[in-house]
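K.L.:
This is the structure alone, sequence omitted:
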């Protein structure tokens, strides 16, 4: 998909996500996720050195946070941090966004994260997810 | 905090009930307990724990919000809900319970709002989030239960089957999983698969392995073999080593039919049947689940037994209503609820008092009738004062129990209008149960039908109330009064006419008859323009009842000279239907006045009328029962003997022609075969005349004699209800008596108009007399509207001589015309229509 085609799409997606978020509509999270996906696509097309590419990477992570898809935040952050080895500003921004996502999660579950730690809960969540079923029933 | 999750692969295992009982038991032992309903698709723990306020049915008690609302808020918000409190409700416990019990229901189930919230929560796919948001929310919730509610125990009712939520509540949240299953492979296969997986399920790194307690529930009877088989099946070797379970024991819960009815076996609250096998099974499991303080456990058990004993005592089915005056009322099980915080309703108090049991009127639970409270020190407790001061209850029962002793109770009652409680009647020493408790099927149902049913059972305490109700329904006039409700009045009249016990019948007659002492009381004259409810009651209620109730009751009631007796019944027939007057007192006064007049003019003191009373009493109409054989039976037996005697055997002798027959005829009273023979006339037809056969009116003594045994025998042989037959006979003979004794309305008497003697060998019924008697008997029965009497009259007529049948042709003849016939016949005029004439 060409970059020319992606720009108007992401512009429209951002506008829709913001409008839905302002309205408190239930579809706002999905709209933000759509923004994050489009921004990721743009980021794939543009290098980190390109200002538009850096902007798209920040936008992809920020939109994932807005969509409260913290698994996606974690994956995107890790990837973009690797890519931004030579771009300290972008690294700092991405790291800040990752921290912001962690804070948001901690704020949602303050007692649980204080007791068990966010990584442990995330590990359990992933393990639970990877069981493939609510109970790891064998063959 | 220890967390127990109650899980079953299939439903119908009694899982929620076990959780509810465990929660109450732990709370009664002094622990702080939180029970959470995570069976979102079929929530019901709030029913089991009964969070309904007093006066509201359990089924009506819908929580405002619960776990679904909490988790949805957690899923949608950036912050957790501020407090858990809005999502939990406190479950009432006895005051003596040191612990506490909070319930987090699933939500406002089964409202539409609840299902929408649940759908929204599931749509979020919250528990399947790889980042663990759902798990984090549940861990957050559990931490808050421990911190905010300071719970010692968290009991979670898990969803059945294999669901994300069931996985979280068992594998992640639980310290112990109580897994219930039924004694069938379908249930056990699923349970084993889940139990095997729990050993390998993902858990927090510092969590110990899950402890599993398998429970085999609803086993028909104690069967260790089933437990062994189940244990062997669960422990069977798996396909991989880690799949193999190493369970040591399977707990068995036996089936309890009582449990199936209401699912209300609450251990430790008195709801359990302590002798129930299921109860024993519960106790065994609870001991396994938690280490209990033996003293506390014993106290909880004592309380449970005391309250259960009291429940049994309140619901016992006592034989014989009379005994219920000294026994507690026999409430139905569904009328009693337990564990109710009872709010005071006097002096503006909002204080609530815990009631171990509350008995309601009926099942709608709008009226509380009785409370039971368990107290530690029964002798010294003054807890009854609260019930007296702050409620309008008529009965409070305090119960207590000492170790190794039977349950003791103190019963406090008071009248309908309130006042202080009375523990014992000061004269009899017995508990003074409210009459509605002791007499009505449902003490709260004071409808006319309920009161009538009680009176018909012999509970005469409601006769007054029914008569008042009848007066209210009837006392309507052209100038005002109460609303006219003729159907209700008729219901009361018909209901009272169904009373069968003679003492109660007499009570009905006494209550409806005019009271000579109160007639002058102006307060009794409620109506305007001279309308008097007393007179109306006498005329419209007492008189019909007098005819419809049993002859035994009427004869008892009809005692000449007896204070309070009433001739209203006879007047209904004499005056209203026959146009005659029967007032021996007035006759006496008038005739003695005429006698005394010439001798004691101007000086009443010399010749008191009392000197003549004995002469006139003999002229009063009397009724009596006789066990002797009737004259017509003797006559028939005598004729039969004559027919069977050898020709010329009997010579001239001094004895009456019927002598010797009476002895033989007497056998008919004891032998229906003999009576059956004597019921027949020589041509073989059954012929049962009323007069002289079933009863007899003697003009010389003005006495009606009812031959009880002959009536009994004929009622059996003719298939007529005895009470109705006796009444028909009674009416018939009373008509004869009135034809003889009754005066015309101008005061003239016709004493010579009496039935002919039955001693004549060729005696035949008098067509004129019997036609008149049958006509007015039929008219009176029709006027009474009593179907049983009418059926008896018609059936008896079918077996009577032709002289008794003429009434059938006269059903459309006005009573006035027959009255005219009577008047002319008494005057000796013989132009009588309908083919009847004086014999």
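P.N.:
That came through, no problem. What you see is a predicted model, and the numbers here were worked out from it, not measured in a lab.
K.L.:
From here on, just use CA atoms for contacts and neighbour counts.
P.N.:
Noted.
K.L.:
can you give me how far stretch B:585-593 is from the chain middle?
P.N.:
51 Å (CA atoms, centre = their mean, to the nearest Å).
K.L.:
cool, stretch B:199-211 as well?
P.N.:
59 Å.
K.L.:
right, is it up against chain A?
P.N.:
Yes: interface with chain A: stretch B:199-211 contributes B:200, B:201, B:202, B:203, B:204, B:205 (CA under 8 Å from any CA of the partner chain).
K.L.:
List, one by one, the residues from the stretch 101-250 of chain B near chain A.
P.N.:
Within the stretch 101-250 of chain B, the residues that sit near chain A (CA under 8 Å from any CA) are B:128-133, B:135-137, B:139-140, B:143-144, B:162-168, B:193-194, B:196-198, B:200-205, B:239, B:243.
K.L.:
Lowest-scoring secondary structure element of chain B by mean pLDDT?
P.N.:
helix B:257-262 (a mean of 54; mean pLDDT, DSSP states H and E).
K.L.:
Name the next helix or strand downstream of it, please.
P.N.:
helix B:277-289 (DSSP states H and E).
K.L.:
What helices and strands are in contact with that next one?
P.N.:
strand B:251-254 (3 or more CA pairs under 8 Å, 6 or more residues apart in numbering or on different chains; DSSP states H and E).
K.L.:
what's near enough to touch residue B:201?
P.N.:
If you count contacts by CA atoms under 8 Å, 6 or more residues apart in numbering or on different chains, residue B:201 has them with A:128, A:135, A:136, B:171.
K.L.:
And residue B:486, how far from residue B:451?
P.N.:
18 Å (CA to CA, to the nearest Å).
K.L.:
And residue B:587, by the same measure?
P.N.:
42 Å.
K.L.:
between these two, who's got more neighbours?
P.N.:
residue B:451 (25 against 14; other CA atoms under 10 Å in any protein chain shown).
K.L.:
Give me the three-state assignment for the nearest residue to residue B:501 once chain neighbours are set aside.
P.N.:
Residue nearest to residue B:501 in three dimensions, not counting chain neighbours: residue B:458, with 6.2 Å by CA to CA, 6 or more residues apart in numbering or on different chains. Of the three states, residue B:458 takes coil under DSSP: H, G, I helix; E, B strand; the rest coil.
K.L.:
list the contacts for whichever residue of chain A sits closest to chain B?
P.N.:
Residue of chain A nearest chain B, by CA to the nearest CA: residue A:125 (3.6 Å). Residues in contact with residue A:125 (CA under 8 Å, 6+ apart) are B:129, B:130, B:131, B:132, B:133, B:135.
K.L.:
Give me the neighbour count for the residue of chain B found nearest chain A.
P.N.:
Closest residue of chain B to chain A, CA to the nearest CA: residue B:132 (3.6 Å). Close neighbours of residue B:132, defined as other CA under 10 Å, add up to 26.
K.L.:
what does chain A have sitting close to chain B?
P.N.:
A:70-71, A:104, A:107-113, A:116, A:120-130, A:133-139.
K.L.:
Those in helices, which ones?
P.N.:
Among these, the residues falling in helices (DSSP state H) are A:70-71, A:104, A:107-108, A:110-113, A:116, A:120-130.
K.L.:
could you say what helices and strands the longest helix that chain B contains packs with?
P.N.:
For chain B, the longest helix by residue count, based on DSSP H, is helix B:294-315. Secondary-structure packing of helix B:294-315 (3+ CA pairs under 8 Å, 6+ apart): strand B:352-360, strand B:368-374, strand B:395-400.
K.L.:
Tell me the buried residues in the following helix or strand past the second one?
P.N.:
Right, the one you point to is strand B:368-374. Scanning forward in sequence from strand B:368-374 by DSSP H and E, the next helix or strand is helix B:384-390. By 16 or more other CA atoms under 10 Å in any protein chain shown, the buried positions in helix B:384-390 come out as B:384, B:387, B:388, B:389, B:390.
K.L.:
Quick one: distance of helix B:384-390 to the chain centre.
P.N.:
Using CA atoms, centre = their mean, the offset of helix B:384-390 from its chain centre is 29 Å.
K.L.:
Can you name every helix or strand that that helix contacts?
P.N.:
Using 3+ CA pairs under 8 Å, 6+ apart, helix B:384-390 sits against strand B:395-400.
K.L.:
Mind doing that once more with 10 Å?
P.N.:
The elements that helix B:384-390 packs onto, with contact taken as 3 or more CA pairs under 10 Å, 6 or more residues apart in numbering or on different chains; DSSP states H and E, are strand B:336-343, strand B:352-360, strand B:368-374, strand B:395-400, strand B:408-415, strand B:418-422.
K.L.:
element containing residue B:736, please.
P.N.:
Applying DSSP H and E, one finds residue B:736 within helix B:722-741.
K.L.:
coming back round to it: which among the residues of chain A next to chain B count as buried?
P.N.:
Using 16+ other CA under 10 Å, the buried members of the residues of chain A next to chain B are A:70-71, A:104, A:108-113, A:120-129, A:134-137.
K.L.:
sorry, back to before: buried only: go through the residues of the stretch 101-250 of chain B next to chain A for me.
P.N.:
Buried residues within these, counting neighbours by 16+ other CA under 10 Å: B:128-133, B:135-137, B:139-140, B:143-144, B:162, B:164-168, B:193-194, B:196-198, B:200-203, B:243.
K.L.:
any chance of the helices and strands packed on helix B:294-315 in a markdown table, with distance to chain A and mean neighbour count too?
P.N.:
Converted to a markdown table, these look like this (distance: least, CA to the nearest CA, whole Å; neighbours: other CA atoms under 10 Å in any protein chain shown):
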| stretch | distance to chain A | mean neighbour count |
| --- | --- | --- |
| strand B:352-360 | 36 | 23 |
| strand B:368-374 | 41 | 24 |
| strand B:395-400 | 45 | 25 |
